[in-house]
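Participant: Provided below for reference: sequence and predicted model.
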Amino acid sequence: MAGNLADAITQPVNDQLKKIAEKSTGGSGSSGSANPPHKIQLFTPEYYAACTLGGITACGPTHAAVTPLDLVKCRRQVDPHLYKSNLQGWKSILKTKGDSILTGFGATFVGYSFQGAGKYGFYEFFKKTYSDLVGPKFANDYKTGVYLAASASAEFLADIALCPWETIKVRTQTTIPPYAKSLTEGWSKIVAADGYGGLYKGLVPLWGRQIPYTMVKFASFENVVAAIYSYWGKSSYTNLEKTGVSFLAGYIAGIFCAIVSHPADVMVSKVTSERKAGEAIGETLGRIYKRIGFVGLWNGLPVRIVMIGTLTGFQWLIYDSFKVYVGLPTTGGH
């Protein structure tokens, strides 16, 4: 099922890129065609399609790859006394019948593929749209403001696509034995119990976590990239150097992201697993905060810094490497 959903996500964009490839070879399927190669023009439908597929490639596989770490993190957020360490958590999970260190893998892969598509594709769209709206002088003088507005708008939309899968992931990961054995079982059980609205019960805290996270992720990345290029002071760079800059800037941005968004990340885990039927989101948040206090909002932060820093670094590396592969410049690249 997860594979079919992933195909459904990527197929429309793949179709667009196949058209690009056909144009680049003159439709013959051979690189020896006499026709000149087709170059993707910036800010065209082909450009946004390429950025969207790049976002899928960067986010879905990377988030799914850290499922074992994310699983223990989520469980320790819900119950800080459950495991003494990540290693002890993994050992306990492996010994528990019906449990798995890959619990939530399918929902993570599908959900963050959707989210990556929206996050990166819409970011590129809104960055161009808002820059045109305010004019070139303002856009140049207040670049960070444009980055923040574009990333916030992109993440707002991306989270609507992510939320059902995030709900299944968190519900499955924070119950022992897991709430569901598969993505489809999780979907069916939540809908049967709470209706389709149950898939969106964590949307508000998800926005609270993801929108600041993405604003910091993109704005800090763009500024760190600019600072690195300014420090080097070179007039030209190889593609390897450019993608190396993307990874370094992405890792630094990821550290900031983890810190800014961590309290909301804790709340997403707790609200999704503890919200009572018919309870208002504000009431749920207040009840949980009263129990865990301010200190409880930071439970699991060191693990998340390592996870998000590495994850964000590799996401930017993959995304910008993909852009280079299809003939586009890296984000903020020279």
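Facilitator: Looks like it came in fine.
Participant: switch to C-alpha atoms for all contacts and neighbour counts from now on
Facilitator: OK.
Participant: which sections of the stretch 201-334 of the chain are below the confidence cut-off?
Facilitator: Applying pLDDT under 70 to the stretch 201-334 of the chain flags the ranges 334.
Participant: Recalculate using a threshold of 90.
Facilitator: Applying pLDDT under 90 to the stretch 201-334 of the chain flags residues 201-202, 205, 208-209, 212-213, 232-237, 257-286, 288-289, 291-311, 332-334.
Participant: helix or strand for Val72, which one?
Facilitator: helix 67-78 (DSSP states H and E).
Participant: who's in contact with that helix?
Facilitator: The contact list for helix 67-78 (C-alpha atoms under 8 Å, 6 or more residues apart in numbering) reads 82-83, 86, 89-90, 101-105, 108, 170, 173-175, 266, 269-270, 299-300, 303-304, 307.
Participant: how is the chain carved up into domains?
Facilitator: 40-200, 212-327 (the TED database).
Participant: Run a quick neighbour tally on Lys270.
Facilitator: Neighbours of Lys270 under the rule other C-alpha atoms under 10 Å: 25.
Participant: Beyond the helix holding Val72, next helix or strand please.
Facilitator: helix 86-95.
Participant: Just the buried positions in the helix or strand just after that next one, please.
Facilitator: Counting by DSSP H and E, the next helix or strand C-terminal to helix 86-95 is helix 105-134. For helix 105-134, burial by neighbour count (16 or more other C-alpha atoms under 10 Å) applies to 105-128, 130-131.
Participant: quick one on the thing from earlier: would you mind writing the CA trace of the helix holding Val72 as CSV?
Facilitator: Provided in CSV are the C-alpha atoms of helix 67-78 (Å, rounded to 0.1, in the frame of the first residue of the first chain):
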residue,chain,number,x,y,z
THR,A,67,12.4,5.8,12.0
PRO,A,68,14.2,3.8,14.8
LEU,A,69,15.5,7.0,16.3
ASP,A,70,12.2,8.8,15.9
LEU,A,71,10.3,5.9,17.4
VAL,A,72,12.3,6.0,20.7
LYS,A,73,12.2,9.8,20.7
CYS,A,74,8.4,9.9,20.5
ARG,A,75,7.9,7.2,23.1
ARG,A,76,10.3,9.0,25.5
GLN,A,77,8.4,12.3,24.9
VAL,A,78,5.1,10.6,25.9
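Participant: Now do that helix against helix 105-134, angle only.
Facilitator: 90 degrees (axes from the mean of the first three to the mean of the last three C-alpha atoms, to 10 degrees).
Participant: Name the nearest residue to Val191, sequence neighbours excluded.
Facilitator: Gly198 (6.4 Å; C-alpha to C-alpha, 6 or more residues apart in numbering).
Participant: Of the contacts of helix 67-78, just the buried ones, ChimeraX syntax please.
Facilitator: Buried residues within those, by 16+ other C-alpha under 10 Å, are selected in ChimeraX with:
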select :83,86,89,90,101,102,103,104,105,108,170,173,174,266,269,270,299,300,303,304,307
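Participant: ok, for Glu166, nearest residue in space, not its chain neighbours?
Facilitator: Glu166 sits nearest to Gly111 (C-alpha to C-alpha, 6+ apart), 6.4 Å away.
Participant: For the one you found, give me its contacts.
Facilitator: 60, 161-166.
Participant: Need the buried ones from those selected in ChimeraX.
Facilitator: If you want just the buried ones from these in ChimeraX, going by 16+ other C-alpha under 10 Å, the selection is:
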select :60,161,162,163,164,165,166
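Participant: So Pro205 versus Leu87, what's the distance?
Facilitator: 29 Å (C-alpha to C-alpha, to the nearest Å).
Participant: Also Tyr319?
Facilitator: On the measure of C-alpha to C-alpha, Tyr319 and Leu87 end up 31 Å apart.
Participant: okay, those two: which has more neighbours?
Facilitator: Per other C-alpha under 10 Å, whichever of Tyr319 and Leu87 has more neighbours is Tyr319, with 27 against 12.
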